[in-house]
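J.: Okay, here's the prediction I keep looking at, along with the sequence it came from:
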Amino acid sequence: MSDSIQTISPETLKSEYVSPENCEFFALAHGFLGARIDGKEYKRVILSRALPLTEPDKYICICDVEKNELGIINDTSVFPEEQRKLIAQELSKRYFCPVITEIKSVKEKFGNFYFDVMIGDYKKNFTVKNLTKNIRYHGEGFDVIDVDGNRYRIPDFKAISPKSRRNLEPYLY
Amino acid sequence: MKKHRPPDPPERENKNKNKLPAHICRAAQEKGLSTEGLISACRGDMDNEAAYHDSWLFFDDKGIYIIRGREETVKRPKKHVSPEPSVLIDKIEAIPADNIRSLNAERYTSTGRLIMSENSEDIPLTYFSLGLIGDFDFFARAFNSYKETGEIPEDDQPGKEGGKCKKCGAPCPPGKDYCKKHDKNKGTAVRLIKFFGGHVRQIAVIIFVMVLSAAAQVLVPQVSTRALYDNVLSGGGPLEQSLKALGTLVLTVVGMRLLNTGLTIFQEYLSASIMPRVMYDIKVKIFDAMQRLSVGFYSSKQTGSLMDRVTRDANNIYWFFTDGVPRFIIDVSMLIGILIIMFSMNWRLSLLALITTPLLILTLVLGDRLFRRMHHRVWVMHSRARSLVSDNINGQRIIKAFAKEEDEFEHFSAVSDNVKNAEVRLGVAEATLFPLLEIFVLLLTTLVLGAGGVMVAKGESNMTTGTLLSFIVYVNMLKEPFGFLAWISNWWARCSDSAQRVFEIADAVPDITEKADAVGFENLRGDVEINELEFEYEPARPVINKLSLKAPAGTMLGIVGKTGAGKTTIANLIARLYDAKSGCVKIDGIDVKDLKLSELRRNIGLVSQDIYLFIGSIADNIRYAKPDASMDEVIAAAKAACAHDFIMKLPDGYETRVGAGGQSLSGGEKQRISIARTIIQNPKILILDEATAAMDTETERNIQRSLGLLTHGRTTIAIAHRLSTLRDSDYLAVIDNGTIAEYGTYRELMTNKGEFYRLYKIQSEALKTIGIGGEEEKAAEENAEEEHHE
């Protein structure tokens, strides 16, 4: 049987998991990430989350710049702290999401929702169509996706001010 | 007066991607940076650490420049003069062009990043919001192209454009030109009214009748209450005279009521004759516009949402104009009439009644806002439950196959529970607020009654018992128009929202347009040539990358590749269902963009794996491309497509109804009908896109035979998974990641033992494993081996 035809089972999938023994990440110039996997060195690897909303630190695929998969990190917690920092840095760049710190107002007009929010000390306005579809819940918070595809995160809805919560609550179901 | 600018640009400088706004150029020049040699520019909104920061990028012959700073608007003293933007530059970065090999806009989850390649190193230049990826992708391509050829691409970028308010530059939703502040929807109202343009006379009559009807309603209390009390009940005259007066009063009231009913019937009769005509015009306009739009529009919108526009949105407009507008005219007329009568009866009492009305209106508005939110919540819950039911019905086979009935029931129960809770909350709120409103009106009338009673007791000249009682009736009558007027703005908002969605389709410019000087074929041979083709459905996600191919007239070109390699996209680009980002597709040496669309599509036959049969008979479906085809032609085409035999076994033969709600046919049967449809079309160029992918081996062989007849003498582009079906191809192309991985004849590729051979081996081994085929493949392999040795 050809190599390409093989059954993938949870056991065989484990063989694709990388561990600190066979995988080491290193920082490249200009903030990029490189990796040494099974003794082979890769310049610039790209990490992507399989479960970005619910398990951001588990099931992370490692790819080269041509998008070929090199391995899977089953759980980042098995890596030493320094390595975890490198992984987190790379992921935070790729999954960077501005965090909404205050919701000044949400107004509905003609089926569009106009958000007036603060991201830190930066005032930002954006428009969301179809709130039911464009609010993605995760844990205690959620992501809001605007008409251009930009995401804005509220990591913990209970942690923002009561006034902010009151402004958005009527639209959350 | 200075104030921090709104975060989004006050000018739509991205409209012209090759320019910087004048105030940025001025500020750059003040800092010693000349923008005179500017070739292309774009605006950014983040720095290299992903923090929001205004920036402007441009390049010239010498290099790339990044201006980082903060834009501000200086308010002009006069209102009608738009604010003048200015910029405070923090930093200018300059990168010499010689140091840059290429630029690339990378797409991340919520942001993008402009990366510069310098020899063997990648260097990030800046982050940007995902909404700007189209601009940055264009900027990167412009730079790369200029560095390579000295020119920048002429094509416009795909994806979302603009989205900025024409008045203030704030963001606004796609399809809208104004932000929430400036979206007054005047345009929508005017455009809607224009649909009534052909019925001006009838509308004038309707309005006149409505005003008359309102006047009749307003005058009734004058007779039924005031005159009754003052002239009959408290007249003190002889009984006969009182009875006569009473009779006159009763007859007058009956007459006025009859007049009112007659006027209402006449008004509704006139409305009923106009509204269906207006709705017909609106629906035809939407449907006509939808036919002109390109495939890309349909891919970006859900079918349900488009169906809604023809049905639900059109109905929203219908009901607003059928129910809302007449009631508005009547209520406004009544309100004016009531106020005139009240003030003429007693101005002091009228003022007393009006002093409290703002409170009444405020309560109505607040109540409406509360109910709107609650109604919205109920609507969302209902729509979730509806989706779940629809999902459940469509997935019944899978649910049963996985024995998931219990789980599905529990899921539905949970969603239904939410619907119930939302409805209970709304019901409780309504049951509480409405009686409260009644109490409010009661208090108002009591106040008027008290004050009026004192006036009557004092014997004030113009205040009689009848006047007071009719006053009370008028105060009560005010409640309805006020309530309606407080609510109609929401109704109008809903109607206007629907109208905007309708106009969005009517105004949408098709991605694929025909040039004014488009040419036709004089004598089509069928040479297909693809040159340096590049295409992407979303900015910075290339699907086809610098792909070149040739299929000389009358030959067959087979295209193979993994799922998602871009095979179907090539077929779509040849048929010009989409336009390429760069490069071109030529037929007989003419770019498809220069050809008349009808002529191009008439000469290209597409047999796809997504088979669609329209509602109608099998014969109608076969003659879809040529409605005047004779029955002889239909049967001949069906025979050629190996469809005749199974059609004849159906009780209604060629008159069997197919499509939604019709006879259910197997995938193979449907495919054979679609092939017969293409045979009737008789195209010069044939595209077979995985035409037999879903067929069993025997059906596939039958269809292959019919396709063999169909391809004879035509240029054929065949996309297939099963490689053995492409053995008759004159040329074969293996596509990988949107580019050519291998190209040659079947034998050449088998001999070369490259990517095609590898795919072939995998497939034949897989077929052997499940006990299908193998012999043909083995023979082919041996043939190739022999040739190789020779």
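T.: Structure received. Numbers count the residues shown, from 1 in each chain, chains lettered A, B, ... in the order given.

J.: The residue of the stretch 451-600 of chain B found nearest chain A sits in which helix or strand?
T.: For the stretch 451-600 of chain B and chain A, the shortest gap (C-beta to the nearest C-beta) falls at B:D497, measuring 4.4 Å. Quick note: C-beta positions are derived from backbone N, CA and C, even for glycine. B:D497 belongs to helix B:465-507 when assigned by DSSP states H and E.

J.: pLDDT of that helix, averaged?
T.: Averaged across helix B:465-507, pLDDT comes to 79.

J.: Dump the top helix by length along chain A to PDB, restricted to CA.
T.: Taking DSSP state H as the criterion, chain A has its longest helix at helix A:81-94. Output of helix A:81-94 as PDB, limited to C-alpha atoms (Å, rounded to 0.1, in the frame of the first residue of the first chain):
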ATOM      1  CA  GLU A  81       8.700  28.400  29.900                       C
ATOM      2  CA  GLU A  82      11.100  30.100  27.500                       C
ATOM      3  CA  GLN A  83       9.700  28.000  24.600                       C
ATOM      4  CA  ARG A  84       6.200  28.700  25.700                       C
ATOM      5  CA  LYS A  85       6.900  32.400  25.600                       C
ATOM      6  CA  LEU A  86       8.200  32.100  22.000                       C
ATOM      7  CA  ILE A  87       5.100  30.200  21.000                       C
ATOM      8  CA  ALA A  88       2.800  32.700  22.800                       C
ATOM      9  CA  GLN A  89       4.500  35.600  21.100                       C
ATOM     10  CA  GLU A  90       4.100  34.100  17.600                       C
ATOM     11  CA  LEU A  91       0.500  33.200  18.300                       C
ATOM     12  CA  SER A  92      -0.300  36.600  19.700                       C
ATOM     13  CA  LYS A  93       0.900  38.300  16.500                       C
ATOM     14  CA  ARG A  94      -1.100  36.000  14.300                       C
END
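
J.: what sits against the residue positioned nearest the centre of chain A?
T.: Residue closest to the mean C-alpha point of chain A, counted by C-alpha atoms, centre = their mean, is A:Y95 at 4.0 Å. Contacts for A:Y95 (C-beta atoms under 8 Å, 6 or more residues apart in numbering or on different chains) come out as A:R49, A:P52, A:P56, B:Y108, B:T109, B:S110.

J.: before we move on, back to that, could you see whether chain B lies near the longest helix of chain A?
T.: Yes: with C-beta under 8 Å from any C-beta of the partner chain as the measure, helix A:81-94 is seen reaching chain B through A:K93, A:R94.

J.: Check which element follows that helix along the chain.
T.: Assigned by DSSP H and E, the successor of helix A:81-94 is strand A:102-109.

J.: Give the other helices and strands that that following strand contacts.
T.: Secondary-structure packing of strand A:102-109 (3 or more C-beta pairs under 8 Å, 6 or more residues apart in numbering or on different chains; DSSP states H and E): strand A:112-119, helix A:162-168.

J.: And those: which comes nearest B:G558?
T.: Evaluated over those, closeness to B:G558 peaks at strand A:112-119, with 48.0 Å, by C-beta to C-beta.

J.: between the closest one and strand A:102-109, how many degrees?
T.: Put simply, strand A:112-119 runs at 170 degrees to strand A:102-109, going by axes from the mean of the first three to the mean of the last three C-alpha atoms, to 10 degrees.

J.: Name the strands paired with the helix or strand following strand A:112-119 and say parallel or antiparallel.
T.: Next helix or strand after strand A:112-119 toward the C-terminus (DSSP H and E): strand A:122-129. Paired with strand A:122-129 in the same sheet, following DSSP bridges, are strand A:112-119 (antiparallel).

J.: Could you list everything the nearest residue to B:R43 once chain neighbours are set aside pairs with in the sheet?
T.: Closest residue in space to B:R43, ignoring its immediate chain neighbours: B:W56 at 5.5 Å, by C-beta to C-beta, 6 or more residues apart in numbering or on different chains. The partner list for B:W56 in beta bridges (DSSP bridges) reads B:R43, B:I67.

J.: how deep is B:W56 tucked in, by neighbour count?
T.: 26 (other C-beta atoms under 10 Å in any protein chain shown).
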